[in-house]
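Trainee: Take this sequence and fold it.
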Amino acid sequence: MSIISDDNDIKRTTEKRNEIVKPEVIEYDHNFENSIRPKTFDTYIGQSALKETLKISVEAAKKREQPLDHLLFYGPPGLGKTTLAGVIAEQMGVEIKITSAPALERPRDIIGILMSLKGGEILFIDEIHRLNKIAEEILYPAMEDFSLDMTTGKSQTVKTLRVPLPKFTLIGATTKAGALSGPLRDRFGIIHRLEFYSEDELAQVVKRTAGILNIDITEEGAHAIARRSRGTPRIANRLVKRVSDYALVKHDGKITEDIANKSLDILKIDNFGLDNTDRSLLNLIIDKYNGGPVGIETIAAAIGEDVRTIEDVCEPYLLQAGLLQRTPRGRKVSPAGYKHLKREMFDNGQQNLF
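Mentor: Purely as a prediction, here's the structure:
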């Protein structure tokens, strides 16, 4: 029994560590994220080119006294799509209603939320690529003509009614733009991809969050956290809290470069921002499949992770960092991946040392 208990404890500890570097929102962090979300373009850090474009679009819409065109934001999770929608609503001076595609299961769900909108309001739908076909069909006339096509009666007495809607702006967010149907994607007037953040931008995010939470942090400490945040603000904000806890308990509460590095080492987050799951994935491909290529389903089964978790959480950053390669035959560890793991690289069975 003691062995089983120990294994379960290890598993829970590993899962907790992995949660820290996963960019999806977990319930524990909702209030924290809401408290530090920027409200204006000036306080929103990063995505400079996108911000300038949106500023112009917002100002033009306000001068015309019309709602903003429908917007679609896509990119890896944790880069600020929901936050950006909130900033746009704040700048337009309108209310925003936030929902997610999986919550709109039945026709009455999407109809109800559309009927509740007031003129100029913003409807934000997260993970919009997961909308079912019926909800998507209902959105088409709502987006184009600001109306709902409804039917009444049965059999031969069926009548079609067109119910007008107040003009509104739909903002969709997705991690998989390619999964959207063509007709839905074409109805968005503004489409933008959010990019991973640079270290300097993330350091600004860390310092801003630390300031809001009254955490004392040095410039070097902010950069140490930023380096290990996988280019993602959501992860950077979570790491600020974890490092702050360590600094408070083990030291005087001030986050320096040394304190940040020590606490992140304890969390098993390396200098590239990789956690145990990332390293397990890369090591598996090297050890079991000679560095690849190997299929994503095989990798998921071997490391005990869901395919979607690997595609949406692990892969984007590993690909962007150049540690993993995606080929027609499957995933392959790059030379940079071997070098980061301090592993030997094999080429047609021949062993090469760095």
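Trainee: how close does Ile96 get to Arg193?
Mentor: If you measure Ile96 against Arg193 using CB to CB, to the nearest Å, the figure is 21 Å. Any C-beta I mention is one placed from the backbone N, CA and C, and that applies to glycine too.
Trainee: between the two, which one's more packed in?
Mentor: Shown here are Ile96 and Arg193; by other CB atoms under 10 Å, Ile96 has more neighbours (18 against 13).
Trainee: ok, how many other residues are close to the residue nearest to the more buried one when sequence neighbours are not counted?
Mentor: In this structure, Ile96 finds its nearest non-sequential neighbour in Ala89, 3.8 Å apart by CB to CB, 6 or more residues apart in numbering. If you count neighbours by other CB under 10 Å, Ala89 ends up with 22.
Trainee: Isn't Ala89 up against Glu95?
Mentor: Yes: counting by CB atoms under 8 Å, Ala89 does reach Glu95; the two are 6.8 Å apart.
Trainee: intersection of neighbour lists for those two?
Mentor: Counting by CB atoms under 8 Å, 6 or more residues apart in numbering, the shared contacts of Ala89 and Glu95 are Ile122.
Trainee: gap between the residue nearest to Ile96 and Thr82?
Mentor: Here the criterion is CB to CB. By it, Ala89 lies 11 Å from Thr82.
Trainee: Leu184 too?
Mentor: Distance of Leu184 to Thr82, computed by CB to CB: 19 Å.
Trainee: so what are the domain limits for the chain?
Mentor: For the chain, automatic domain parsing gives the domain ranges 2-27+197-266, 47-193, 276-352.
Trainee: from those domains, which stretch is densest packed?
Mentor: domain 2-27+197-266 (a mean of 18; mean count of other CB atoms under 10 Å).
Trainee: I'd like the next helix or strand past the helix or strand containing Ala173.
Mentor: Using DSSP states H and E, Ala173 maps to strand 169-174. In the C-terminal direction, the helix or strand that comes right after strand 169-174 (DSSP H and E) is helix 182-186.
Trainee: Does anything pack onto that next one? Which helices or strands?
Mentor: Contacts defined by 3 or more CB pairs under 8 Å, 6 or more residues apart in numbering; DSSP states H and E place helix 182-186 against helix 133-145.
Trainee: The next helix or strand after the helix it packs on pairs with which strands, and in what direction?
Mentor: Remark: after helix 133-145, the chain's next helix or strand is strand 147-152, criterion DSSP H and E. Using DSSP bridges, the strands paired with strand 147-152 are strand 159-164 (antiparallel).
Trainee: ok and the strand it pairs with relative to helix 133-145, angle-wise?
Mentor: When axes from the mean of the first three to the mean of the last three CA atoms, to 10 degrees is applied, the directions of strand 159-164 and helix 133-145 differ by 50 degrees.
Trainee: From the chain's centre, how far out is strand 159-164? Work that out for me.
Mentor: Its chain's average C-alpha position is 38 Å from that of strand 159-164, according to CA atoms, centre = their mean, to the nearest Å.
Trainee: just to revisit the earlier point, three-state assignment of the residue nearest to Ile96?
Mentor: Put simply, Ala89 is helix when judged by DSSP: H, G, I helix; E, B strand; the rest coil.
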